[in-house]
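A.B. asks: Need a 3D model of the sequence below.
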Amino acid sequence: MKSLLIFLSCFIIASISGHGSRLKDRKSTPNIVIIFMDDMGYADIGPFGAKDYPTPNLDQMAREGRKFTDFYVTQAVCSASRAGLLTGCYNVRIGILGALGPKSTHGLNQNEITIAEICRQKGYATACYGKWHLGHHKKFLPMQHGFDEYFGLPYSNDMWPYHPGVLHLPMKERLKKWPNLPLIDGNKTVNGTVTGRDQEQLTTQYTEHAVSFIETNQDKPFFLYVPHSMVHVPLYVSKKFKGKSGAGLFGDVMMEVDWSVGQILGTLRRLKLDKHTLVLFTSDNGPWLNYGDHAGSASPLREGKGTMFDGGCRESTLAWMPGTIPAGSVCSEPAMTIDILPTIARMIDAKLPVNRIDGKNVWPLFTNDSAKSPHEAYYFYYGNQLQAVRSGKWKLHFPHNYRTMAGRPGGKGGIPTKYSQAKIGLSLFDLETDIGETTDVKDQNTKVTERLVGLGRAFDADLKTSRRQPGRL
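C.D. replies: I've put the predicted structure just below:
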C-alpha cells in the first residue's frame, strides 16, 4: 500500500511538472492565429467605423488589443495579396499576380517558404481552413506548403457557373467559362459541385474546423490560418444570421464573421491559451465597389479593390494577445503583411527563408507605443507596374490608369455595374492631413517627391533583376 501511495505521488508530481513545462514552452513558442477576410472594406467593422450592424466580438478584440490604422497588403487583389502574406515577399517578386482561376496552370512555387513552414521548424501543428487561392492543382495546395490540415475552397467563391458574367448563357456554355466549384479536404475534393446552400455553411464550417483544431492541439504550439471566403461576392450566410442585422445581406454576413471571431477567441479563453496566442485579424484587399449593396465601405479612404489607392490596399487590422499587446492601444505606423512572416520567425526563434524576402520584424509595433517602422518605404504594385510608394506620412503615386466608380453607386442584389477608367499623374499626398488622397502637394514638397521617385525607381530596377518564377505544372 505504501509503495502504491509513493508511486501515485510521484506520478502526480511528474504530471504537474510536465504541465508546467508545457506552459513554459508555450510562452517561448506562442500560438499564432491569422484571420484573413476577403474584400472587406476599411470601415466594415465597428472599431473602424461600422455602425449599421453590430460587431461585438471585434469591438472587444480592439478593446483588449491593438488597432493598426495604417496596415497594408502587397496588392489589392486576391492571389497576389495572399502570396505576400504567406511568404513575406512582394507578390511580384515571386511571380503571383492577380487572381488565379480554375484554368490557371501555375501557383505558389514549392521553393517559397510559407509561415506554416517557418512554424514547422519549431514543431507547430498547422492548419488552413478557408479560401486558399494560390493554385488549385495538388502540388500548389496548402498540404504541400507546410500545412498539416486543409479544408476550403481553392479559389474565389464566384468562380463557378453562377458568376454574374455568364448568367445569360445556357449551363453548357457557362461550364466552359467557369466549371463547378470544388470543396477540398486535405488534398481531395469532397464536394465537386458546391451550391448556394453549401456556401451558406462555409463560414460555420471554417469556424468549426478552427475550434476543433485549437482544442486538439491545446497542449502544443499551433499556427491556424483562417482565410474566410466572405465577404467576397456572392454573399452567403447561414440561417443563424440571415435577416438578423437589419442592414441587408452584407450586414448579416459581417455579423456571422464577427460570430466566427468570437468562437475562436472564446475557445482560446476557455482553454486558457489567450495569453499565449497572437491573433491577427485583417483583410486581403478593400471592397469591390461596383457591387454596391453587396460591397463594403473603404471610407474615408480613396477607391477600393483593384486599385493601389489606400481604399484598395490599406486594411482595418486588429492584433490581440492579452498581457503582451497593450489593451485599447493604437499603432499608426505603416506596416504590411510582408512583415508578418519575419515577425513570427523572430517571436518563435525560427530561421528565415534562404530566399530573399522583403518583410522585416515589426514586433515592436505590436507592443511599444513609440516604436517606428523599420522600413524606409513600402512599394505598391498593380500587376507588374509600380504605382505608388509610401514613406512615413507621405504617399507618392506614379502616373497610372485605374478603375473608379467616379462617385456613382454600385449595383444591387449581387449584380455589378461597370467601372469608369481614370488616370492619375505624378502626385504626392500627405496622409496625416489628407487620408483620402485628394490633394496633390508635390509642388510644395519637391525634395520629398524627388526622394520617393528615386526610391521607387531603384527598388523597381532591383526587383526586375531578382524576381523569381511561380510554380508550374
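
A.B. asks: Remind me which helix or strand Ile35 belongs to.
C.D. replies: strand 31-37 (DSSP states H and E).

A.B. asks: Partner strands of that strand and their direction?
C.D. replies: strand 222-227 (parallel), strand 277-283 (parallel) (DSSP bridges).

A.B. asks: What is the subsequent helix or strand relative to it?
C.D. replies: Following strand 31-37 in sequence, per DSSP H and E, is helix 56-64.

A.B. asks: send the alpha carbons of that following helix over as CSV?
C.D. replies: The C-alpha trace of helix 56-64 is given here as CSV (Å, rounded to 0.1, in the frame of the first residue of the first chain):
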residue,chain,number,x,y,z
PRO,A,56,-19.3,43.0,-30.7
ASN,A,57,-16.5,40.4,-30.8
LEU,A,58,-14.3,42.5,-33.0
ASP,A,59,-15.1,45.5,-30.8
GLN,A,60,-13.9,43.6,-27.7
MET,A,61,-10.8,42.4,-29.6
ALA,A,62,-9.9,46.0,-30.2
ARG,A,63,-10.6,47.0,-26.6
GLU,A,64,-8.3,44.2,-25.5
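
A.B. asks: any idea of the mean pLDDT in it?
C.D. replies: The pLDDT scores in helix 56-64 average 98.

A.B. asks: Only the buried residues of that helix, if you could.
C.D. replies: Neighbour counts over helix 56-64 (16 or more other C-beta atoms under 10 Å) mark 57-62, 64 as buried. For the C-beta atoms, the positions are set from N, CA and C on the backbone; glycine is no exception.

A.B. asks: Considering those, which is situated nearest to Ser104?
C.D. replies: Leu58 (33.0 Å; C-beta to C-beta).

A.B. asks: tell me the contacts of that closest one?
C.D. replies: 45-47, 258, 261, 281, 318 (C-beta atoms under 8 Å, 6 or more residues apart in numbering).

A.B. asks: Can you tell me the closest non-neighbouring residue to it?
C.D. replies: In this structure, Leu58 finds its nearest non-sequential neighbour in Ile45, 4.8 Å apart by C-beta to C-beta, 6 or more residues apart in numbering.

A.B. asks: that older thread, Serialize the buried residues of helix 56-64 to a markdown table and add fields for distance to Gly407.
C.D. replies: A markdown table is the format used below for those (distance: C-beta to C-beta, whole Å):
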| residue | distance to Gly407 |
| --- | --- |
| Asn57 | 34 |
| Leu58 | 29 |
| Asp59 | 31 |
| Gln60 | 36 |
| Met61 | 34 |
| Ala62 | 31 |
| Glu64 | 38 |
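
A.B. asks: how about the helices in this structure?
C.D. replies: Applying DSSP state H to the chain gives helices spanning 2-28, 56-64, 78-87, 115-120, 171-177, 196-199, 202-216, 248-270, 310-313, 340-348, 363-367, 446-466.

A.B. asks: pretty sure the residue nearest to Leu58 contacts Met254?
C.D. replies: Yes: using C-beta atoms under 8 Å, Ile45 is in contact with Met254, at 7.4 Å.

A.B. asks: Give me the common contacts of the two.
C.D. replies: Common contact partners of Ile45 and Met254 (C-beta under 8 Å, 6+ apart): Thr55.

A.B. asks: related to what we said a few turns ago, turn the strands paired with strand 31-37 into TSV, including distance to Phe429.
C.D. replies: Formatted as TSV, the strands paired with strand 31-37 follow (distance: least, C-beta to C-beta, whole Å):
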stretch	distance to Phe429
strand 222-227	30
strand 277-283	22
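
A.B. asks: got JSON lines for the ones you listed, with mean neighbour count and mean pLDDT too?
C.D. replies: Shown next, in JSON lines, are the strands paired with strand 31-37 (neighbours: other C-beta atoms under 10 Å; pLDDT from 0 to 100):
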{"stretch": "strand 222-227", "mean neighbour count": "26", "mean pLDDT": "99"}
{"stretch": "strand 277-283", "mean neighbour count": "25", "mean pLDDT": "98"}
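
A.B. asks: Those: which one's closest to Ala388?
C.D. replies: Closest to Ala388 of these, according to C-beta to C-beta: strand 277-283, at 18.7 Å.

A.B. asks: Can you dump the C-alpha atoms of that closest one in CSV for me?
C.D. replies: C-alpha atoms of strand 277-283 as CSV (Å, rounded to 0.1, in the frame of the first residue of the first chain):
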residue,chain,number,x,y,z
THR,A,277,-1.7,33.3,-28.6
LEU,A,278,-1.2,36.1,-31.0
VAL,A,279,-4.4,36.7,-33.1
LEU,A,280,-4.3,38.9,-36.1
PHE,A,281,-7.4,40.0,-38.0
THR,A,282,-7.2,41.7,-41.3
SER,A,283,-8.3,41.5,-45.0
